[in-house]
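what would the 3D arrangement of this be:
(4 chains)
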Protein chains: 2
Amino acid sequence: MVKRTSIKDVAKYLGVSIAVVSYVMSGKEGRVSPELEARIRAAAAELNYQPNQIASSLKRGRTSTLGLIVADISNPFFAHIARIIEDTAKHHGYTVVFGSSDESVDKSQGWIDTFLSRQVDGLIIAPSAGTEHQIKMLQKKKMPFVLIDRYFPGIRTDNIRIDNFRAGYDAAACLLKTGKRSIGLVSYRGGMEHIRQREEGYRQALTDYGISWRESWEIRASYQRLDQEVEEGLQLLLRPQAAESVDAIFFTTNSLAIQGLKVLKRIGCRIPDEVGVVSFDESDAFDLFYVPITHVRQALTDMGTEAVRVLLKHMKQEKHKAEEIVVGADLVSGGSCGVSRV
Amino acid sequence: MVKRTSIKDVAKYLGVSIAVVSYVMSGKEGRVSPELEARIRAAAAELNYQPNQIASSLKRGRTSTLGLIVADISNPFFAHIARIIEDTAKHHGYTVVFGSSDESVDKSQGWIDTFLSRQVDGLIIAPSAGTEHQIKMLQKKKMPFVLIDRYFPGIRTDNIRIDNFRAGYDAAACLLKTGKRSIGLVSYRGGMEHIRQREEGYRQALTDYGISWRESWEIRASYQRLDQEVEEGLQLLLRPQAAESVDAIFFTTNSLAIQGLKVLKRIGCRIPDEVGVVSFDESDAFDLFYVPITHVRQALTDMGTEAVRVLLKHMKQEKHKAEEIVVGADLVSGGSCGVSRV
DNA sequence: CTGAAAGCGCTTACAG
DNA sequence: CTGAAAGCGCTTACAG
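You can find the predicted model right below:
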C-alpha cells in the first residue's frame, strides 16, 4: 500500500492546523469558516485524502464494527441472516466481522476474544451449547451483545427468536391433522434450549391429538457427524414392520431435513403417502422437491433487523433491561404432510 | 463496555515500564528476564488484561483484517466461499469483514471506500460488471487484492477462477451427447467475462456437434429482476411448436437454474425427456430434484484457499507479478441431461 | 535486561 | 473562527 496522506499532510499543505482539517473532515458544523472549509475540502480532494478509521477508533473508543458469531456462515439460514444484519448495520454506519463457531465452545471463545481485542462495539451471537459462561463473561465486562436464534433460559439477555414451542407444535400438528399417527422426530443432540422447545411442542401436539409418545420415535444426530447419524437414525425409524416404525417425520432444523430427504429419496420412500415430512427453515430444495416440503418459515428479516436495532439501543444506554423479542414464524404448506382431514 | 485495562495499568501495577509489558504480551523472545516475564504474565492475568488490537494496528500500520466483497453473501456459492476464506484467513491470523455489492457499481465502490478507510490489509473481490476503474484505482494505490470467480480480461491482476470456457463447453456437450439438438441458454445480462466464457464454451460445443447456433436460443436476465425475466425467457424458449423451441437448457449460474427449475416444475415440464437441463454450481436442490440436476462443480475450497494464499503473498512482496490461477471444475452427472448415446 | 520517549493519525477540550 | 497540545494504547529504536 502506498503511503496514505494524513490530516497532517493536508494541514501542512495549506499551512493551517490539523484541528481545522479534522473538524472539516469529520463534518463538525460551524467550527470552521466557509472559506477555509472550501480550501480544506479542495486540498483533501487534491491530495486524495482518506480518513484513517483506525486512528479515529483509537481516539474515540469506538470502532463502528459489530461482530457476528454463528454456527456456520455457509448454512443458508445463517447466510441469510448475515446478509440482513450486514444491510441493517451498514445503514447505521456499522461494518460487520463474522466468525463461524461450528458449535464448538472453544471456537466460540476464540471468536469472542478476537472480536473483543479488535474492540468491536457490539456482538450478535447465535450461541452454541455450553457457552453460558462466555455469555456471562460478556455481561460482566458490560460488553453489549444480543443473542439470536438461540438463548439460555437461565440468563437474562437481549435475545431475538421465534416461539419455538409453538412452531414445533404447529409442525407436528400439521402431520397429525392428515391422520399420521406415529410421528418420528429427527433432532440435534446437545440440548440447546431452542431445539428442546421445538421438541416440547412436538410432544404436546402428540398429547393433544391423543397419541402416546414413544421414546423410540426420537432420534438425534450430532453436529459433527450429522450425515451418518441421520442416516442411521432414519434406518431405525423406517424399519419395515417394526413396532417403532413411523408414518411421518418432523425435522427440527433445515440441515437435518436436507440430509434426511436425501436418505428418504435414496431408499425410495414415498412422501407423503408412506412418510409425511415437515421441516424447519426455508430451502430451495424444499420448494423444488417432488412434493414441496412443508416447513416452518422464520421471519429472518425481522430477526436480523431487530438484532441490530436492539444491539444499537443497548450500546447507547448504560442501563438497559434485557429485551426478549419474539419474531414471527409461520408454517408454509407444501403437501409433504399429506392431505389434511380436518 | 467497562473500562479495559491497558498495558499502562499492568506496568504501573508492577512498577515497571510499559515497554517490558509490551514485549511480553506481544511475545517478543529474549528481551525480558524470565522472572519479570512471569510476574508480568501473572499480573496481566490478574488484571484481566487483553491487548487492544486497534492501538497495535495504528502503530504497526496493519490491521490483520481482510475485506471480502461478493455479490451477495446469502447466495450459497458466496456463502460457501466466505466460509473457506474465513477459515483460511483465521489460520493465518486474519479476520474477515464482508460486504455484498448486489452487482452494483456504487455499492462496490462504497465497500471499497469503507474497507480502505478501515485499513484492511488486503481485499478479496468478486467484481461486478463495470467496476474496472475501481480495480485500477486499487492498483494505483498499491492496495493488495485478488479477484475471485470473475476477472477483467483487460487488466492484469491476481485472480482465481475456473476455466469457464471449458466448463461451459462440457455442460453443453453433456446435453448434446444425449441427442439433444436445440439447446437453450439461460444467462445473465451485463457481460461479465466469466459468464461470456461459459457462453462461448456452449457455442463452441454446438459447433463441434454440428448444430448451428440460433440467437433466439439465448435468453438473458438481469440480476435485479431475475425471477421475472427467467420466467419470461423460458416461456419463449418452451413455446410449443415454435421453431425456436428447445429440447434442453443450459443455465449459466445456480440462481438462474433454481429459478428456472421452479418455472419448469410449475409448467409440468418433464426433465430430461421433454427438456434436458444442466446447470452451474452446487445446490441441495439439485441433488434432491426428482431427477438430480447435472451441474458444474467448481472447486470452491481451492478457490477460497488460493485466494487467501495469493493475497497474503502479494501483501508480503512489494514487487509481485500477477498470478492467474485456474482451479478445477468438473461435471457432476445427475441424469437431467438425458441418457448419453456416446 | 530495562526504561524513557517518540510517534502512529486522529479528536477535542482549552486558550486566544 | 483558529491553533497548540494532550492523549487514545500500543510498538520500537535508542540509551543506559
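
please count neighbours and contacts with C-alpha atoms only from this point.
OK.

shaky segments in the stretch 101-250 of chain A?
Along the stretch 101-250 of chain A, segments meeting pLDDT under 70 span A:241-243.

apply 90 and report the result again.
Within the stretch 101-250 of chain A, the stretches with pLDDT under 90 are A:190-191, A:213, A:236-245.

name the SS class of whatever residue of it ends up closest to DNA strand C, please.
With Cα to the nearest atom of the strand, the shortest gap between the stretch 101-250 of chain A and DNA strand C falls at residue A:119, namely 14.3 Å. Recorded secondary structure, residue A:119: coil (DSSP: H, G, I helix; E, B strand; the rest coil).

quick check on residue A:248: phi, psi?
Main-chain torsions, residue A:248, degrees, to the nearest 10: phi -160, psi 160.

burial check on the residue of the stretch 101-250 of chain A closest to DNA strand C, number of neighbours?
Applying other Cα atoms under 10 Å in any protein chain shown, we find 25 residues neighbouring residue A:119.

from DNA strand D, how far off is it?
Distance check for residue A:119 against DNA strand D: by Cα to the nearest atom of the strand, to the nearest Å, it reads 10 Å.

that residue - nearest residue in space that isn't next to it in sequence?
Of all residues beyond its chain neighbours, the one nearest residue A:119 is residue A:63 (6.6 Å), with distances taken as Cα to Cα, 6 or more residues apart in numbering or on different chains.

repeat that for residue A:105.
residue A:131 (5.9 Å).

does the one you found touch residue A:101 like I think?
No - contact criterion Cα atoms under 8 Å: residue A:131 and residue A:101 do not qualify, at 10.9 Å.

please determine how far the residue nearest to residue A:105 is located from residue B:259.
Here residue A:131 is placed at a distance of 39 Å from residue B:259 (Cα to Cα, to the nearest Å).

can you give me the helices in the stretch 51-200 of chain A?
Assignment of helices within the stretch 51-200 of chain A using DSSP state H, counting those that start in this stretch yields the ranges A:53-60, A:76-91, A:105-117, A:132-140, A:164-176, A:193-208.

and of these, who's closest to residue B:307?
Nearest of the helices of the stretch 51-200 of chain A to residue B:307, taken as Cα to Cα: helix A:76-91 at 20.4 Å.

quick one: average pLDDT of that closest one?
Averaged over helix A:76-91, pLDDT sits at 97.

is it positioned near chain B?
Yes - applying Cα under 8 Å from any Cα of the partner chain, one finds helix A:76-91 touching chain B at A:76, A:79, A:80, A:81, A:82, A:83, A:86.

tell me, how many residues neighbour the first one?
Residue neighbour count, defined by other Cα under 10 Å, stands at 22 for residue A:76.

hmm, it is touching residue B:76, no?
Yes - using Cα under 8 Å, residue A:76 is in contact with residue B:76, at 6.5 Å.

hmm, residue A:226 is touching residue A:256, no?
Yes - assessed by Cα under 8 Å, residue A:226 is found in contact with residue A:256 at 7.4 Å.

out of these two, which sits in the more crowded spot?
residue A:256 (24 against 19).

spit out the contact partners of the more buried one.
Applying Cα atoms under 8 Å, 6 or more residues apart in numbering or on different chains, we find residue A:256 in contact with A:186, A:187, A:226, A:230.

nearest to residue B:200 among these?
residue A:226 (40.6 Å).

quick one, what contacts the closest one?
If you count contacts by Cα under 8 Å, 6+ apart, residue A:226 has them with residue A:256.

for residue A:155, see how far away it is.
With distances taken as Cα to Cα, residue A:226 is found 29 Å from residue A:155.

what of residue A:190?
Residue A:190 sits 18 Å away from residue A:155, going by Cα to Cα.

over to residue A:279?
29 Å.

how many other residues sit next to the one residue in the stretch 101-250 of chain A that gets nearest to DNA strand D?
Here the residue of the stretch 101-250 of chain A nearest DNA strand D is residue A:117; by Cα to the nearest atom of the strand that distance is 8.5 Å. The number of residues packed near residue A:117 is 15, by other Cα under 10 Å.

is it true that it touches residue B:53?
Yes - in this structure, residue A:117 is within contact of residue B:53 by Cα under 8 Å, at 5.4 Å.

coming back round to it: just the buried residues of the residues of helix A:76-91 next to chain B.
A:76, A:79, A:80, A:81, A:82, A:83, A:86 (16 or more other Cα atoms under 10 Å in any protein chain shown).

count of neighbours near residue A:221?
20.

domains in chain A, as residue ranges please.
Domain segmentation of chain A under automatic domain parsing yields A:7-51, A:61-161+A:300-327, A:164-299.

out of the ones you listed, flag the one nearest residue B:265.
Here domain A:164-299 is closest among these (Cα to Cα), at 7.6 Å.

now do the closest one: distance from first to last residue.
In domain A:164-299, first residue to last residue: 12 Å (Cα to Cα).

with adjacent residues omitted, what lies nearest to residue A:52?
residue B:117 (5.2 Å).

quick check: the residue of the stretch 101-250 of chain A closest to DNA strand C touching residue B:54?
Yes - counting by Cα under 8 Å, residue A:119 touches residue B:54, with 7.0 Å between them.

residue nearest the middle of chain A, spatially speaking?
The residue lying closest to the centre of chain A (Cα atoms, centre = their mean) is residue A:78, at 4.8 Å.

isn't residue A:64 up against residue A:91?
No - counting by Cα under 8 Å, residue A:64 sits too far from residue A:91 to count as a contact (11.6 Å).

so those two - more neighbours on which side?
Comparing residue A:64 with residue A:91 by neighbour count (other Cα under 10 Å), the higher total belongs to residue A:64, at 19 against 10.

quick one, phi psi at that one?
Backbone dihedrals for residue A:64, given as degrees, to the nearest 10, come out at phi 50, psi 40.

pLDDT score assigned to it?
At residue A:64, pLDDT is 95.

now it. Nearest residue, chain neighbours left out?
With sequence-adjacent residues excluded and distances taken as Cα to Cα, 6+ apart, residue A:64 is closest to residue A:94, at 4.8 Å.

tell me what residue A:298 is bridged to.
Residue A:298 has these beta-bridge partners by DSSP bridges: residue A:329.

looking at it, it is touching residue A:328, isn't it?
Yes - here residue A:298 reaches residue A:328: they are 6.2 Å apart, a contact under Cα under 8 Å.

need the overlap of contacts for the two.
residue A:162.

neighbour count winner among the two?
Neighbour count, other Cα under 10 Å: between residue A:298 and residue A:328, residue A:298 has more, with 23 against 15.

what distance do you get for the more buried one to DNA strand D?
Residue A:298 sits at a distance of 41 Å from DNA strand D (criterion: Cα to the nearest atom of the strand).
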